[in-house]
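J.: After the sequence you'll find the predicted model.
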Amino acid sequence: MRFLIRAALLLGVGVHGIPAQGTTGRTSISGTVRDSATGETLPHARVTLADLSRAVETNADGRFVFVGVPSGEHVVRVQYVGYRPFEKRYSSDSLAKPLVISLGRAAVQYLHHSYPMEEMAARRVLAIPATP
């Protein structure tokens, strides 16, 4: 499966709305997941086509691709630790280019306090014994 995804990326199968030969009514959905504040790509984000129960992980460059997707509307969900989840409905027939999905940072709940991610990175987190 990974070979097919890599081959699709190398061959430029990121073009949407153009069914692959012999797969009538099927298309591909691809894109990049980025940090909304910095524009940096987010590797290893989980991207899901919720209505099809299909999921992939973004590569080192924050890119993803779903091939052989039935034409029509699909719910795209993205999750990444430390970021707010993303969910939006897209029509695969109307996508003219790869998606660019920007995720905003979220506060992290640590015990009974919430901290912004930047502050958590600066803090030294120590092991705390579990309470009964």
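T.: Here it is on my side, so go on. Being a predicted model, the structure only gives us computed values, none of them experimental.
J.: Contact partners for Pro43?
T.: Shown in contact with Pro43 (CB atoms under 8 Å, 6 or more residues apart in numbering): Thr58, Asn59, Ala60, Asp61, Gly62. For the C-beta atoms, the positions are set from N, CA and C on the backbone; glycine is no exception.
J.: Now list the buried members of those residues.
T.: Thr58, Asn59, Gly62 (16 or more other CB atoms under 10 Å).
J.: Tyr83 bridge partners, please.
T.: On DSSP bridges, the residues paired with Tyr83 through beta bridges are Arg105.
J.: Next, the contact list for it, please.
T.: Tyr83 neighbours (CB under 8 Å, 6+ apart): Asp35, Leu42, Leu103, Gly104, Arg105, Ala106.
J.: Let me have the contacts of Pro43 in JSON lines, extended by distance to Pro70, pLDDT and secondary structure.
T.: Shown next, in JSON lines, are the contacts of Pro43 (distance: CB to CB, whole Å; pLDDT from 0 to 100; DSSP: H, G, I helix; E, B strand; the rest coil):
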{"residue": "Thr58", "distance to Pro70": "22", "pLDDT": "98", "secondary structure": "coil"}
{"residue": "Asn59", "distance to Pro70": "24", "pLDDT": "97", "secondary structure": "coil"}
{"residue": "Ala60", "distance to Pro70": "29", "pLDDT": "97", "secondary structure": "coil"}
{"residue": "Asp61", "distance to Pro70": "27", "pLDDT": "97", "secondary structure": "coil"}
{"residue": "Gly62", "distance to Pro70": "25", "pLDDT": "97", "secondary structure": "coil"}
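J.: just to revisit the earlier point, output the buried ones among the contacts of Pro43 as TSV; include the columns distance to Arg77.
T.: Listed next are these as TSV, based on distance: CB to CB, whole Å:
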residue	distance to Arg77
Thr58	13
Asn59	18
Gly62	16
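J.: Between those residues, which sits nearest Leu52?
T.: Nearest to Leu52 out of the buried ones among the contacts of Pro43 is Thr58 (CB to CB; 17.8 Å).
J.: The closest one reaches Gln79, doesn't it?
T.: No. Counting by CB atoms under 8 Å, Thr58 stays clear of Gln79, with 10.9 Å between them.
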